[in-house]
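K.L.:
I would like the atomic coordinates for the input below:
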Amino acid sequence: MTEFIDQAGQPVGSTPEFLSPEWGEVVPFSMTADDMTLKYRDGIGWKTWMDAGDPPYLDLDNLSDTDTLWQWGHAMVAVWSGQLDPDDPTMINISPNSLGNISAFPNDFSSYDDFYNFADGGDSGEGWSVNPSTGMPYEDQWVKRGDYGRILA
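P.N.:
Residues are numbered from 1 along each chain as shown. Have a look, this model is predicted:
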């Protein structure tokens, strides 16, 4: 590297030493050796603090409800991510008169299709008819769906 710019935009005379790739070597102030698991890869030991265990694995030949929910959730993220395009002309009303005010959350996976709008994004909330402070109805607030989604993301 011939030039290095720091995070404040200032040129630095030489490339600084690479820092912090070994977070496992940082000793947490509130944990003990019992909170650490030593994992090995390529013959190198890596300290893992508060190891959550392996990630979920999918058994595609024998899907459980958890596997199905995991796949459905990831598919919905992919569909909703497609709505982040700044050139998407779709307009949505983000006023409190159209968002929020969810009457009931789903209790199980079978209710998710009724709760979430898989294709267009959002949930089953119907909004509020009036502002509780003023007693006046909320005005519509139309924005591009991609702009709103990117702000949420």
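
K.L.:
G146 touches L84, doesn't it?
P.N.:
Yes - counting by Cβ atoms under 8 Å, G146 touches L84, with 5.4 Å between them. C-beta here means a position set from N, CA and C on the backbone, and glycine is covered the same way.

K.L.:
so after the longest helix along the chain, what's the next helix or strand?
P.N.:
Longest helix in the chain, counting residues (DSSP state H): helix 65-81. The helix or strand immediately downstream of helix 65-81 is strand 91-93, counting by DSSP states H and E.

K.L.:
after that next one comes which helix or strand?
P.N.:
Scanning forward in sequence from strand 91-93 by DSSP H and E, the next helix or strand is helix 112-115.

K.L.:
Using PDB, write out the CA atom coordinates for that following helix.
P.N.:
Taking C-alpha atoms only, helix 112-115 is exported to PDB below (Å, rounded to 0.1, in the frame of the first residue of the first chain):
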ATOM      1  CA  TYR A 112     -47.000 -16.100   9.900                       C
ATOM      2  CA  ASP A 113     -48.600 -16.000   6.400                       C
ATOM      3  CA  ASP A 114     -51.600 -14.100   7.800                       C
ATOM      4  CA  PHE A 115     -49.400 -11.800   9.900                       C
END
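
K.L.:
Would you mind pulling the contact partners of it?
P.N.:
Under the contact criterion Cβ atoms under 8 Å, 6 or more residues apart in numbering, helix 112-115 has outside partners L69, W72, F105, P106, D123, S124.

K.L.:
what about the residue lying closest to P106 once chain neighbours are set aside, neighbour count?
P.N.:
In space, and not counting its chain neighbours, P106 is closest to F115: 4.5 Å by Cβ to Cβ, 6 or more residues apart in numbering. If you count neighbours by other Cβ atoms under 10 Å, F115 ends up with 16.
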